[in-house]
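Colleague: sharing a model prediction with you, sequence too.
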Amino acid sequence: MTYKAYLKPGKEESLKRFHPWVFSGAIARLEGKPQEGEVVDVYTSKSEFIAKGHWQIGSIAVRVLSFRQSEEIDARFWKHKLQIAYDMRRSIGIAGRPDNNTYRLVHGEGDNLPGLIIDIYAHTAVMQAHSAGMHLDRMAIAEALSEVMGDQIDNIYYKSETTLPFKADLYPENGFLHGGSNDNIATEYGLKFHIDWLKGQKTGFFVDQRENRALLERYAKGRSVLNMFCYTGGFSVYAMRGGAGLVHSVDSSAKAVDLTNQNVGLNFPGDSRHTAYAEDAFKYLERMDSDTYDLIVLDPPAFAKHRDALRNALQGYRKLNAKAFEKIKPGGILFTFSCSQAVSKDNFRTAVFTAAATTGRNVRILHQLTQPADHPVNIYHPEGEYLKGLVLYVE
Ligand code: SAH
C-alpha cells in the first residue's frame, strides 16, 4: 500500500523549492501506518502530490528521495542515483585517477540521497546509513553499487552501528555486505594511507580534507609544522612530502597517534623529521614554547554537535585559536578549521577574528576553505555546507 502524509496548509513551500526534508511539525495527518524506513508519499493540504521519501520518527519525518510521483524507489532508482554520483566524480577528475582511489561517492543530501554516505577506499566501499530508510534499503543499495562500480570495487563494508537512531530498534551490525578483504591501504594524491574502517572514526578516514591537505603541502617547504588533532596523520604526511623541516603530530587518542605513525612510516619509512604525541590539545599548546612552529594546523572535532551547544563551541574555537596566534612564529601560517555544521562560516570567522584580536598580531586571510567537490552541497539544502577553514598569515 502507499502511505500518505498530508501537510498543514503552507508547509509545502520549502518542498516547492526542493528542500529535501519534511519536519514532523509540518504534517497534518498520515494515511496508513508506515514503519520507520518505509517510503511515504507527501501531499499538500490541497491533496497535491509533492514528494516521496523515507519515513522516520523524529524531527525530520521524511527525507525526500524524489519529487516525481511516477518514480519508484526500487533497484532501478538506486542504480540510477549511484550512476549519477559516480559519473559526476569521474567527470570532475576525482574518480578514475591513477594517483587517487580515495573519495566520497555519495554525500547524502548533496547527492540527493539523504541519509546515505559511501566512501571509496581503493577496492573497498564503506557505506554508512544515517536514516532508518537507508538501513532498510542497504542490500538493494549494495547491489546497485556493485553494478555501477563493476570491477572497481570488490568489497562493500557496512558501518552504521553508531549512526542510526537507536530508538528505531534496527540493531544494525557492522560487517561486509560483499567480499571481505583486509587489504586496507588506499591512495590519496599519490600518498598511501591505512584506512581503519573497522574501528576508525566515521568511515575510517577524513576524506573531506583532501584538497586542504594538498594546499598545505604547497606551504610546507622548510617549515616546522604542528598538526594538532592529527587523527590518521593526513596533514602530517602531506607536510612531509612538501618538504617540511620538522613535523609534530598531536592527538589525545593513543590510537590516532599509532595510526599517524603507521601512515608516516608507510610513505616515509625511517624519516626522523616526524614525531607524534598523545596529548590533549589545550595542554600541549599551553606548555609548548613560543616560536617553535611556523605552520600550525588546527582541525578539531565538531565542538558543536547541536545548535544549543553553539556558545560553548565558539568559546572553544576562540580559546584554541588564541593559543595558536599567541605562540606561532612571526611569518607563520595557520590552517584553522571547524567541521561543526551548527557553526556558520560567519560565526567561525568571528571566533577566529576575536582570537586574533586578543593577541594584537597582524593577521591576513590567505585562503577561505571548505569541503571538496566530492562532498557537494545541494543548492536547495544549504545546511549541507559544514566544513569551514581559514589559512592565515600571522606577522
Ligand atoms: N585532521 C584530521 C581529522 C581530525 S578528527 C584529518 O585530517 O584526518 C579530530 C581528532 O581530534 C580525533 O582524532 C580526536 O581523537 C582528536 N581529539 C579530540 N579531542 C581532542 C583534544 N582535546 N586534544 C587533542 N586531540 C583531540
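Modeller: Cool, the structure landed.

Colleague: residue most distant from the centroid, the chain?
Modeller: Farthest-out residue of the chain from its mean C-alpha position, per C-alpha atoms, centre = their mean: Lys46, at 38.6 Å.

Colleague: distance-wise, check that residue relative to Ala28.
Modeller: Look at Lys46 and Ala28: by C-beta to C-beta, to the nearest Å, they are 12 Å apart. Using the backbone N, CA and C atoms, a C-beta is placed for each residue, glycine as well.

Colleague: count of neighbours near Pro98?
Modeller: Applying other C-beta atoms under 10 Å, we find 7 other residues in the vicinity of Pro98.

Colleague: residues of the stretch 251-395 of the chain that sit close to the ligand?
Modeller: Counting by C-beta under 6 Å from any ligand atom, the stretch 251-395 of the chain comes close to the ligand at Asp251, Ser252, Ser253, Ala256, Asp280, Ala281, Asp299, Pro300, Pro301.

Colleague: show me the contacts for the fifth one.
Modeller: Taking C-beta atoms under 8 Å, 6 or more residues apart in numbering, we find Asp280 in contact with Ser252.

Colleague: what of the third one?
Modeller: Ser253 makes contact with Tyr231, Ala278, according to C-beta under 8 Å, 6+ apart.

Colleague: and the pLDDT at it?
Modeller: Looking at Ser253, its pLDDT is 97.

Colleague: in this structure, which residue is closest to the centre?
Modeller: Centre-nearest of the chain using C-alpha atoms, centre = their mean is Asp208, 5.4 Å out.

Colleague: just to revisit the earlier point, which of the residues of the stretch 251-395 of the chain next to the ligand has the most neighbours?
Modeller: Ranked by neighbour count (other C-beta under 10 Å), those have Asp251 at the top, with 25 neighbours.

Colleague: what residues does Ala75 make contact with?
Modeller: Here Ala75 is in contact with Ala140, Glu143, Ala144 (criterion: C-beta under 8 Å, 6+ apart).

Colleague: pull out the buried residues from those residues.
Modeller: Among the contacts of Ala75, the ones that count as buried by 16 or more other C-beta atoms under 10 Å are Glu143, Ala144.

Colleague: okay, and which of the contacts of Ala75 map to helices?
Modeller: Ala140, Glu143, Ala144 (DSSP state H).

Colleague: the ligand: which of those residues is nearest?
Modeller: Ala144 (28.9 Å; C-beta to the nearest ligand atom).

Colleague: Ile84 is in contact with the closest one, correct?
Modeller: No. Using C-beta atoms under 8 Å, Ala144 is not in contact with Ile84, being 11.6 Å away.

Colleague: ok so, going back, select from the residues of the stretch 251-395 of the chain next to the ligand every entry located in strands.
Modeller: Asp251 (DSSP state E).

Colleague: contacting residues for the closest residue to Ala304 other than its chain neighbours?
Modeller: Closest residue to Ala304 apart from its sequence neighbours, by C-beta to C-beta, 6 or more residues apart in numbering: Ala313 at 3.4 Å. Ala313 makes contact with Ala302, Phe303, Ala304, Ser340, Ala342, Val343, according to C-beta under 8 Å, 6+ apart.

Colleague: what about burial for those, which qualify?
Modeller: Buried among those by 16+ other C-beta under 10 Å: Phe303, Ala304, Ser340, Ala342, Val343.
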